[in-house]
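Undergrad: test case, fold it:
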Amino acid sequence: MPLTPIRMRPFLRFAVSLLASLCLGAGAKEAFPEKAITVIVPFAAGGGSDVFVRIFQEAIRKNQLCPFPIVVKNLAGAGGTIGSRAAKEAKPDGHTLLCLHDGIYTAQHYGNADWGPSDFEPLAATGRSGVVVAVSESSPFESLHDLMKEAIRRPYQYVFGTNLGAPNHYSALFLQEGMPGAKFRFTQTGGGAKRLAQLKGGHVDLTGFSVAEYEQFKAAGIRALATMSEEREPSFPNLPTAKEQGVNAVHGLMQFWWAPKGTPEPRLSYLQNLLRQTMETDFVRTRLGNLHMEPFFQVGEPLLETVRSRSANLRGITLEKPTPLPPLPELVLGVVVACFFFVWREGKMQ
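TA: Numbers count the residues shown, from 1 in each chain. Sure, this is the predicted structure:
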């Protein structure tokens, strides 16, 4: 039976409906974001990393750069590894990100985490800050060179306050590598405010601060000996670098954004563009300037090269982990059993 125009109408309606459904389906697949984007900060609220991410959050909101809000989720603990693990295990749909500095490299290198940069999709690097090596005002050392010479003459006598396995710890390790033979003794101190208290109290001989931390603490009775940047910090043009003082050590912090492994490329591109637009705002540049951070931005192959080089830089670092303590509960139990046996034997002999 031939198909007349009247008989073809149902088929045409079906074809049009099918085509529309396919088009709508394809469009829905490309829609991103579909909800709020969560940024995991693996440190406590109010710290440097938290403040950094909230600057971006505020700039995105003020400039209406994203149709959905940016939500900051603080998952602190274990030197940032609790938060980074949560980000690694998140659904790779682009709605969960991680902002973590060089701690992602040092935690893996030190053995605090069995994952690292290769377990994520690098999104962008969006800021760089230097490190200041400082002592208390009562310290006999006026230069980093003199301190390092003493650390060679008297190895393990000078205590460096740090967080073991964190970037601050690696600042000290780079100093040791930069003047072979120098050795520090490390003690666990905590964040910047705690390191300041330990330094002022005479519990540690030296420590490292970010440039922003030193700016905040410099009037509290401490003295800077050097920065660990390639060149002098613009904020402290009279403060020499470690390299200027004969210590071949360069170290600093760079803020990185990471997505779970397997996040689709179109979504990575959207997020990179979002971070680029945010970085270009006057709000972010002014606030980073107030934090003494360089408004550095990197994506693509230059970013991948930076990730590779920062990982490679740690391979030459020699780790000297503390000797494990003896199993104290077992030793105590053994002594108790031996004493009980001795008393029992003495009683039998009477």
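
Undergrad: can you map out the helices along the stretch 151-300 of the chain?
TA: 167-178, 192-200, 211-217, 265-279, 282-290, 300-314 (DSSP state H, counting those that start in this stretch).

Undergrad: how much space between L319 and R195?
TA: Counting by Cβ to Cβ, to the nearest Å, the separation of L319 from R195 is 21 Å. Where you see a C-beta, it was placed from the backbone N, CA and C, and this is true even at glycine.

Undergrad: just want the angle from the helix or strand encompassing D146 to helix 167-178.
TA: Element membership of D146 [criterion: DSSP states H and E] is helix 144-153. Angle of helix 144-153 versus helix 167-178, following axes from the mean of the first three to the mean of the last three Cα atoms, to 10 degrees, is 80 degrees.

Undergrad: the helices of the stretch 151-300 of the chain: which one's closest to D119?
TA: helix 300-314 (11.8 Å; Cβ to Cβ).

Undergrad: just want the angle from that closest one to helix 265-279.
TA: Using the same axes, to 10 degrees, helix 300-314 lies at 80 degrees relative to helix 265-279.

Undergrad: domain ranges for this structure?
TA: 37-128+253-314, 129-252 (automatic domain parsing).

Undergrad: need these in JSON lines (columns: mean neighbour count, mean pLDDT and distance to A31).
TA: Formatted as JSON lines, these follow (neighbours: other Cβ atoms under 10 Å; pLDDT from 0 to 100; distance: least, Cβ to Cβ, whole Å):
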{"stretch": "domain 37-128+253-314", "mean neighbour count": "18", "mean pLDDT": "97", "distance to A31": "10"}
{"stretch": "domain 129-252", "mean neighbour count": "19", "mean pLDDT": "96", "distance to A31": "37"}
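
Undergrad: show the contacting residues for the residue nearest the centre of the chain.
TA: Nearest to the geometric centre of the chain sits H101, at 2.8 Å (Cα atoms, centre = their mean). Applying Cβ atoms under 8 Å, 6 or more residues apart in numbering to H101 gives the contacts S49, P167, L253, M254, Q255, F256.

Undergrad: what's the spacing between the third one and S235?
TA: When you say that, I think you mean L253. L253 is 15 Å from S235, by Cβ to Cβ.

Undergrad: ditto for the second one
TA: The gap separating P167 from S235 is 19 Å, by Cβ to Cβ.

Undergrad: ok now the lengthiest strand in the chain, how far from the chain's centre?
TA: Ranked by residue count and defined by DSSP state E, the top strand of the chain is strand 120-136. Chain-centre distance of strand 120-136: 8 Å, with Cα atoms, centre = their mean, to the nearest Å.

Undergrad: likewise for stretch 240-247?
TA: Counting by Cα atoms, centre = their mean, stretch 240-247 comes out at 25 Å from the chain centroid.

Undergrad: try stretch 266-286
TA: 19 Å.

Undergrad: now that stretch - C-alpha only, CSV.
TA: These are the backbone C-alpha positions of stretch 266-286, laid out as CSV (Å, rounded to 0.1, in the frame of the first residue of the first chain):
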residue,chain,number,x,y,z
PRO,A,266,36.0,19.2,28.0
ARG,A,267,35.4,19.6,31.7
LEU,A,268,39.1,20.1,32.4
SER,A,269,39.2,22.8,29.7
TYR,A,270,36.2,24.6,31.3
LEU,A,271,37.8,24.5,34.7
GLN,A,272,41.1,25.8,33.4
ASN,A,273,39.4,28.6,31.6
LEU,A,274,37.4,29.4,34.8
LEU,A,275,40.6,29.6,36.8
ARG,A,276,42.3,31.7,34.1
GLN,A,277,39.4,34.2,34.1
THR,A,278,39.5,34.3,37.9
MET,A,279,43.2,34.9,37.9
GLU,A,280,42.9,37.9,35.6
THR,A,281,40.5,39.7,37.9
ASP,A,282,41.8,42.8,39.8
PHE,A,283,40.3,41.3,43.0
VAL,A,284,42.5,38.2,42.8
ARG,A,285,45.7,40.1,41.8
THR,A,286,45.3,42.6,44.6
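
Undergrad: re earlier: can the helices of the stretch 151-300 of the chain go into CSV with extra columns for distance to I82?
TA: Listed next are the helices of the stretch 151-300 of the chain as CSV, based on distance: least, Cβ to Cβ, whole Å:
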stretch, distance to I82
helix 167-178, 17
helix 192-200, 19
helix 211-217, 23
helix 265-279, 23
helix 282-290, 27
helix 300-314, 21
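
Undergrad: looking at those, which is nearest to V247?
TA: So among the helices of the stretch 151-300 of the chain, helix 167-178 is nearest, using Cβ to Cβ, at 4.3 Å.

Undergrad: just the CA coordinates of that closest one, formatted as CSV?
TA: Written as CSV, here are the backbone C-alpha positions of helix 167-178 (Å, rounded to 0.1, in the frame of the first residue of the first chain):
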residue,chain,number,x,y,z
PRO,A,167,57.1,21.5,52.3
ASN,A,168,58.5,23.3,55.3
HIS,A,169,60.5,20.2,56.2
TYR,A,170,61.8,20.0,52.6
SER,A,171,63.0,23.6,52.8
ALA,A,172,65.4,22.4,55.4
LEU,A,173,66.4,19.3,53.4
PHE,A,174,67.1,21.5,50.4
LEU,A,175,69.4,23.7,52.7
GLN,A,176,71.3,20.5,53.8
GLU,A,177,71.7,19.4,50.2
GLY,A,178,72.8,23.0,49.2
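
Undergrad: having no further points to raise, I will conclude here.
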